[in-house]
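Trainee: Here is my input; please provide its structure:
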Amino acid sequence: MTNKKIALNLINQLKSQLEKYYLTSDIIEKNYNFEFSLNINRNIYKVLVYFGKKGVKTILQGNTELPEYITLRKLIFGQLELDYNDENLSEPDEYIGTDESGKGDYFGPLVVAAVYVDLDTQKKLKQIGVRDSKDLSENQISDLSKEILKIVKENYSIVTISPQKYNQLYDKFKNLNHLLNWAHSKAIENLLKKTKCDTVITDKFSKRELNISFNKNHSSIKFIQETKAEKFVGVAAASILARNKFNEWFIKNSNDEIELIKGTSKKVEKAAAELVKKYGKESLNKFVKLHFKTTNNILNK
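Mentor: Reported below is the predicted structural model:
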């Protein structure tokens, strides 16, 4: 990925984050940078991301004495560029990070990814702007996933559980957390076959401890479960790979006859009802997670 592409991804991230709080202008491309501005209490601030041979650099322009400038600076440099610089964050030199995508979506698979990182790959992943996939657009996720795979090479594992398989497993486990535990365990097991890493970090999805293996060879592995674990770059990379595979399922399975929508909104319920109308209730098993309340809402109308 070129520095220009990295800069474009970064400024899109910054704009996406800041426009949650402030009105922002469109992004403008200039000879050596991308930029956009904000008007806060009649004061203009400008965010610039430069690209060049020496790398990518972010600058905030505006009245440095105003409290808004301090707030903006914290949002930009404290939250986005990057959370990994937090002095309180103790990131192991090497570990496996895992995260999932799709557990809250009625349509689509459940995807779990695991990524092994060391000091070198951590640095490279941070340089290309890897962060929690929830802060990225689908295009950014697609672009970054390609770059992540170039950096980590074979040191990753992705487990994609299709809706049909998901429904079978849910019937077996009768509990989403148990199913998630199984899926994370499978991704981690696959990666442990490739590396002798003894630390695993995963986003905490359950009050229970993660039990990934009864294999005596794995008894020395340290498992760390944390809320918002995407602050660890390995977990953030896993979140991007998982979300990208989830997005690819929607692209592959959507067509003019079948509308697939992410989430659990009324639009999702309407799309599922149309699916039943066209192809019968049996068709749901191929596209949705049947244990969601949405299924009863559709079939009981």
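Trainee: Scan the chain for its longest strand.
Mentor: What stands out as the longest strand in the chain, according to DSSP state E, is strand 43-52.
Trainee: neighbouring contacts of that one?
Mentor: For strand 43-52, the external contacting residues (Cβ atoms under 8 Å, 6 or more residues apart in numbering) are 2-4, 6-8, 10-11, 14-15, 18, 32-38, 56-63, 66, 68-69, 72, 76. For every residue, glycine as well, the C-beta is placed using N, CA and C.
Trainee: Likewise for stretch 255-269?
Mentor: Under the criterion Cβ under 8 Å, 6+ apart, residues 104-108, 250, 253-254, 271, 274-275, 278, 287, 292, 294, 297-298 lie in contact with stretch 255-269.
Trainee: Tell me the buried residues in that stretch?
Mentor: Buried residues in stretch 255-269, counted by 16 or more other Cβ atoms under 10 Å: 258, 260, 261, 262, 264, 268, 269.
Trainee: can you tell me how far the fifth one sits from residue 236?
Mentor: Spatial separation of residue 264 from residue 236 under the definition Cβ to Cβ, to the nearest Å is 24 Å.
Trainee: try the first one
Mentor: Shown here: residue 258 relative to residue 236, a distance of 32 Å by Cβ to Cβ.
Trainee: What count of nearby residues applies to residue 250?
Mentor: The number of residues packed around residue 250, counting by other Cβ atoms under 10 Å, is 17.
Trainee: Report the buried members of the contacts of stretch 255-269.
Mentor: So, by 16+ other Cβ under 10 Å, the buried ones in the contacts of stretch 255-269 are 105, 106, 107, 108, 250, 253, 271, 275, 287, 292, 294, 298.
Trainee: need the contact list for the fifth one.
Mentor: With contacts taken as Cβ under 8 Å, 6+ apart, residue 250 has the following neighbours: 107, 108, 260, 262.
Trainee: and with 6 Å instead?
Mentor: Residues counted as contacts of residue 250 (Cβ atoms under 6 Å, 6 or more residues apart in numbering) are residue 260.
Trainee: Please tell me the pLDDT value assigned to it.
Mentor: The model reports residue 250 with a pLDDT of 94.
Trainee: and the gap between it and residue 220?
Mentor: Distance of residue 250 to residue 220, given as Cβ to Cβ: 40 Å.
Trainee: and what of residue 75?
Mentor: When distance is defined by Cβ to Cβ, residue 75 is 41 Å away from residue 220.
Trainee: Just give me the residue closest to the centre of the protein.
Mentor: In the chain, the centroid-proximal residue (Cα atoms, centre = their mean) is residue 133; its distance is 2.5 Å.
Trainee: Show me where the stretch 1-150 of the chain has its strands.
Mentor: In the stretch 1-150 of the chain, the segments counted as strands under DSSP state E, counting those that start in this stretch are 28-29, 33-40, 43-52, 55-61, 95-101, 110-117.
Trainee: the strands in the stretch 201-301 of the chain, which residues?
Mentor: In the stretch 201-301 of the chain, the strands defined using DSSP E, counting those that start in this stretch lie at 222-226.
Trainee: Low-confidence ranges, the stretch 51-200 of the chain, go.
Mentor: Residues of the stretch 51-200 of the chain meeting the criterion pLDDT under 70: 78-89.
Trainee: what are the ranges of the helices in this protein?
Mentor: For the chain, helices defined by DSSP state H occupy the ranges 3-18, 67-73, 119-127, 138-152, 163-173, 176-192, 233-253, 266-279, 284-287, 293-299.
Trainee: now those helices in JSON lines, with distance to residue 224?
Mentor: Compiled in JSON lines, the helices of the chain are given as follows (distance: least, Cβ to Cβ, whole Å):
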{"stretch": "helix 3-18", "distance to residue 224": "26"}
{"stretch": "helix 67-73", "distance to residue 224": "31"}
{"stretch": "helix 119-127", "distance to residue 224": "15"}
{"stretch": "helix 138-152", "distance to residue 224": "19"}
{"stretch": "helix 163-173", "distance to residue 224": "24"}
{"stretch": "helix 176-192", "distance to residue 224": "12"}
{"stretch": "helix 233-253", "distance to residue 224": "10"}
{"stretch": "helix 266-279", "distance to residue 224": "34"}
{"stretch": "helix 284-287", "distance to residue 224": "35"}
{"stretch": "helix 293-299", "distance to residue 224": "33"}
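Trainee: among those helices, which is the most enclosed?
Mentor: helix 233-253 (a mean of 24; mean count of other Cβ atoms under 10 Å).
Trainee: got the angle for that one vs strand 95-101?
Mentor: 30 degrees (axes from the mean of the first three to the mean of the last three Cα atoms, to 10 degrees).
Trainee: which among the buried residues of stretch 255-269 gets closest to residue 24?
Mentor: Comparing the buried residues of stretch 255-269 against residue 24 with Cβ to Cβ places residue 262 closest, at 24.8 Å.
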